[in-house]
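Trainee: sequence first, predicted model second:
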Amino acid sequence: MSSKVNFKPVGKRLPNRRDRRSSSSELLSDETRPSRSRPKMSRDRMLLLFLGLPGALALVLFHYVPLLGNVIAFQDYQPYLGIGESEWVGVSNFAFLWDGNPEFLNALWNTLILTLIQTVLVFPIPLVLALLLNSLAGERLKRLLQSILYLPHFLSWVIVVALFQQMLGNAGMLNTFLVQSDLPIVQIIGVPELFKALITSQVIWKDAGWGTIIFLAAISRIDQEQYEAAAVDGASAWQRMISITLPALKGLFILLLILRLGSSLSVGFEQIILQQGPVGLQASEVLDTWVYNNGIIGGNWGISAAAGLFKGLVGVLLVIGANKLAHVFGERGVYEK
Amino acid sequence: MTTTQNATIGDDTVNALRADGNRPPWMEKPKLITQVLKFLALAISVALVIVPFWSVIATSIADQQTINDSGGGMVMWPSGVTFSAYQAVLSGGVVTRALFISIAITVVGTLLSLAATAGLAYWLSRPGAYGAKPVLMLVLGAVLFSPGLIPTYLVVKGFGLIDSYWSLILPVLINAFNVIVMRAFFQELPQELFESAAIDGAGSATVLFKIVLPLSKAVLAVVGLFYAVAYWNAFFNALLFIQSTEKWPMALVLRAYVVNQTTIGGDQVSTEVLPPQLSLQMAILVIAIVPILVLYPFLQRHFAKGVMIGAVKG
């Protein structure tokens, strides 16, 4: 296994089965064989290309062509003119960055606040949940709980938002219960002040359980003898967790934090666009929805593309920066230097 | 070593003990208060997941009387059970059509995605394959750089795919991460198999269909299920690209009738007596969830593996 064997395309040097079978009877054709096997080799190459090309083509057409299409961020793009004919306007589409466009600033502010809340509040929950699950003695119970907690991850945002409405809405389960107990109802859905809390709780509900999977996998790789040795030395279960489990998870935690930082300007487009109506833009607009509302709905193609490009570039810079930071602290990060 | 066998048990033994709900000898029994707190925390987490499902299902089969009794709100325990809401939404009309559209897109999309992903991953996994290196860079680059909403929309529009079902499949045909996962899996297959197949005169296609794919059922299942869930759940692309109401997939129907609570009338469902709005809404919601619940046991068996391959090799 360790010695790398180079795979040679069929027919280049190794005779194929038909050749071997025939070689004893048809010695004459031996001389012509190499020239006959060359087209077969290239046909095999063609076949490999043929298998892979549709996927590569889809990637180029729907990923890289749009990536190049970002040039309209520097154009006064008009759909009836197209990229070729639209006027080039330099960086003036990026004016929202420095002229203090209040809508953009509001969207940026909401995005950063949500990212902050989600990183501080949401991020550690899977770790706590994983530690709890791991401390369970029964493997079967653990597995059952895992399957229940993973489930919400596979539901779409439309379903999650609908479920939350039915639970917390004015005619939802919570308020039905409050009315039946002669208590005043609490309005949660559609209240601008509570919007960020609602968004955050939905993110927790959907993905906290799923987030445990990677921590549990890392925990299961920790050497059990460390725990045994610590226990023999008199360390309590709590101390074992603090001094063995958590340090072992540090690298992974930092890695996930970096990845989270990289997407810190993207906070749940689908989730928010679905719930924007009742709460208004002031409380709910984030960068992604601003791009959508401004571009697709409003027709300000150039400016929206500029905002999208800005967002993407900041994301890449954040990942690179956070990764550098991880190296400074002696962690591996996403990629090594 | 003078220690007894108990003191030197390895990981396997510990795991075996824990599988039976036992503790390794060095692990003390937790204090009662710890156990109670732990139990409470986990019970609450699980209840938070299960209760919404339960009450949605209960409300979807509750009759008018039960819903009136609860003040027009959600029901936890239906005293009168009726399936008229399901009959109403499934006997033709908006929801039935959307259901067929969503199923068709999910099935066709998953098959195409799986074929394209496997083909691409196979190409990239063969050592020395022609053109594989630059394409691999394209795949890796696609993970890092996302093109952005506006250019994607314009490209799809440029191809004339707006309001076409293909706009829900082609832009998401390839998920670069899935390609990386599958390529990693193909590369882990024993190289001896490829060599002996080459000696026997098998071409690339024969190797793929007779050796690689049969050995890769696990990864095909994971990736296929991930694609299927993504197609079924797709909302954003449908919102962007689908304009005519009669082409709505389930996600848009859910948004209109459940999230935005547009009234469901005789035009939307074909039924003589209209069941309560709330039951109709909950029936639509249940119908959108059921396929995920059906796939879930399969998903669960494989996804941990898929996530780990991606995490380790990606």
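Mentor: Done, it's in.
Trainee: endpoints of stretch A:230-249, how far apart?
Mentor: This stretch, stretch A:230-249, spans 17 Å end to end (Cα to Cα, to the nearest Å).
Trainee: check whether it contacts chain B.
Mentor: Yes: using Cβ under 8 Å from any Cβ of the partner chain, stretch A:230-249 reaches chain B at A:231-232, A:236-237. Glycine gets a C-beta too; all of them are placed from N, C-alpha and C.
Trainee: in that stretch, what's buried?
Mentor: A:230-231, A:235, A:237, A:240, A:244-245, A:249 (16 or more other Cβ atoms under 10 Å in any protein chain shown).
Trainee: that one: how far from the chain's middle?
Mentor: Taking Cα atoms, centre = their mean, to the nearest Å, one finds the center of stretch A:230-249 at 32 Å from the center of the full chain.
Trainee: now the element after the helix or strand that residue A:176 is a member of, going C-ward?
Mentor: Secondary structure from DSSP states H and E places residue A:176 in helix A:173-180. Where DSSP H and E defines the elements, the next helix or strand beyond helix A:173-180 is helix A:195-220.
Trainee: mean confidence for that next one?
Mentor: Averaging pLDDT along helix A:195-220 gives 89.
Trainee: close to chain B, is it?
Mentor: Yes: counting by Cβ under 8 Å from any Cβ, chain B has neighbours in helix A:195-220: A:205, A:208-209, A:213-214, A:217.
Trainee: mind giving me the packing neighbours of the following helix or strand past that helix?
Mentor: Remark: after helix A:195-220, the chain's next helix or strand is helix A:224-232, criterion DSSP H and E. Judged by 3 or more Cβ pairs under 8 Å, 6 or more residues apart in numbering or on different chains; DSSP states H and E, the packing partners of helix A:224-232 are helix A:237-240, helix B:11-19.
Trainee: rank those by pLDDT, which is bottom?
Mentor: Among these, helix B:11-19 scores lowest, at a mean of 55.
Trainee: tell me the buried residues in the helix or strand that that one is followed by?
Mentor: Following helix B:11-19 in sequence order, the next helix or strand is helix B:32-60 (DSSP H and E). By 16+ other Cβ under 10 Å, the buried positions in helix B:32-60 come out as B:42, B:45, B:48-49, B:52-53, B:55-60.
Trainee: of the residues you listed, list those near chain A.
Mentor: B:42, B:45, B:48-49, B:52-53, B:55-56, B:59.
Trainee: so does the helix or strand containing residue A:306 get close to chain B?
Mentor: Applying DSSP H and E as the criterion places residue A:306 in helix A:301-328. Yes: Helix A:301-328 reaches chain B (Cβ under 8 Å from any Cβ) through A:301, A:304-305, A:308-309, A:311-312, A:316, A:319.
Trainee: counting neighbours, which bits of that helix end up buried?
Mentor: A:301-312, A:315, A:318-320, A:322-323, A:326.
Trainee: with stretch A:73-90 instead?
Mentor: A:73-75, A:77, A:86.
Trainee: for that stretch, measure first residue to last.
Mentor: Terminal residues of stretch A:73-90 lie 9 Å apart, using Cα to Cα.
Trainee: off-centre distance for it?
Mentor: That offset, for stretch A:73-90, works out to 31 Å (Cα atoms, centre = their mean).
Trainee: any idea which helix or strand carries the residue most central in space within chain B?
Mentor: By Cα atoms, centre = their mean, chain B has its centre lying nearest to residue B:229, at 2.8 Å. Element membership of residue B:229 [criterion: DSSP H and E] is helix B:217-233.
Trainee: now that helix: average pLDDT?
Mentor: Here the average pLDDT along helix B:217-233 is 89.
Trainee: is chain A within reach of it?
Mentor: Yes: interface with chain A: helix B:217-233 contributes B:229, B:232-233 (Cβ under 8 Å from any Cβ).
Trainee: start to end distance for stretch B:154-168?
Mentor: End to end - Cα to Cα - stretch B:154-168 spans 15 Å.
Trainee: which positions within it qualify as buried?
Mentor: For stretch B:154-168, a neighbour-count test (16+ other Cβ under 10 Å) marks B:154-156, B:158-159, B:161, B:165-168 as buried.
Trainee: let me see the residues that make contact with it.
Mentor: Stretch B:154-168 is contacted from outside by A:61-62, A:65-66, A:69, A:72, A:79, A:301, B:101, B:104-105, B:109, B:170-171, B:231, B:234, B:237-238, B:240-244, B:247, B:249, using Cβ atoms under 8 Å, 6 or more residues apart in numbering or on different chains.
Trainee: just the buried residues of those.
Mentor: A:61-62, A:65-66, A:69, A:72, A:301, B:101, B:105, B:109, B:170-171, B:231, B:234, B:237-238, B:240-242, B:247, B:249.
Trainee: helix or strand with the lowest mean pLDDT in the chain?
Mentor: I went with chain A, as the question did not name one. helix A:17-23 (a mean of 43; mean pLDDT, DSSP states H and E).
Trainee: think we crossed wires, I meant chain B
Mentor: For chain B, counting by mean pLDDT, DSSP H and E, that's helix B:11-19 with a mean of 55.
Trainee: just for the stretch 1-150 of chain B, where's the confidence low?
Mentor: B:1-22, B:72 (pLDDT under 70).
Trainee: again, 80 this time
Mentor: For the stretch 1-150 of chain B, the stretches with pLDDT under 80 are B:1-31, B:65, B:67-80, B:92, B:127-130, B:144-145.
Trainee: kindly report the same for the stretch 51-200 of chain A.
Mentor: Ranges of the stretch 51-200 of chain A meeting pLDDT under 80: A:79-86, A:90, A:96-97, A:100, A:136-139, A:170-171.
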